[in-house]
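Chemist: Build me a model from this:
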Amino acid sequence: VQLVESGGGLVQPGGSLRLSCAASEATLNAYAIGWFRQAPGKGREGVSCIRSVDSSTVYADSVKGRFTISRDNAGNATYLEMNSLKPEDTAIYYCNVHVPGPVPVDYWGQGTQVTVSS
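Modeler: Have a look, this model is predicted:
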């Protein structure tokens, strides 16, 4: 599975962006999809995920109420709607597909830069 993120950019505080993650095959509905981010000098942190079983969602406390994760019904794209952006949201954002099993596999995209600055 190849993942390609897009939609990042420079935005002022309080602004919005919509990130997209496109998969090379329609498999996203079969697995949990996550969005992670990594700010300069910091480790990668989980932002949000959407489960495959019931499409329930989980958000980090820092983005709860501002970000919304979703995916399309075809199962080959996922989205992260980001509103009320803050400078501390500045990071490279990655989408992740976790395939469980005897040998779990994680697929990552190349990331998309989000910069929140005035």
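Chemist: List the residue ranges of the protein that fall below the pLDDT cut-off.
Modeler: Filtered on pLDDT under 70, the chain yields the residue ranges 26-29.
Chemist: Show me where it has its strands.
Modeler: 3-6, 9-11, 17-23, 32-38, 44-50, 57-59, 67-71, 77-82, 91-99, 105-108, 112-116 (DSSP state E).
Chemist: Also compute the angle for the fourth one relative to strand 17-23, please.
Modeler: Read that as strand 32-38. 130 degrees (axes from the mean of the first three to the mean of the last three CA atoms, to 10 degrees).
Chemist: Which strands and helices lie in contact with strand 32-38?
Modeler: Helices and strands touching strand 32-38, by 3 or more CB pairs under 8 Å, 6 or more residues apart in numbering; DSSP states H and E, are strand 17-23, strand 44-50, strand 67-71, strand 77-82, strand 91-99. (Glycine included, C-beta is placed from N, CA and C.)
Chemist: what packs against the third one?
Modeler: Applying 3+ CB pairs under 8 Å, 6+ apart, one finds that strand 67-71 contacts strand 32-38, strand 44-50, strand 57-59, strand 77-82.
Chemist: Mean neighbour count and distance to Pro102 for these - can I get that in a markdown table?
Modeler: Below are these laid out as a markdown table (neighbours: other CB atoms under 10 Å; distance: least, CB to CB, whole Å):
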| stretch | mean neighbour count | distance to Pro102 |
| --- | --- | --- |
| strand 32-38 | 22 | 17 |
| strand 44-50 | 19 | 22 |
| strand 57-59 | 15 | 25 |
| strand 77-82 | 22 | 26 |
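Chemist: With that, I have no additional questions.
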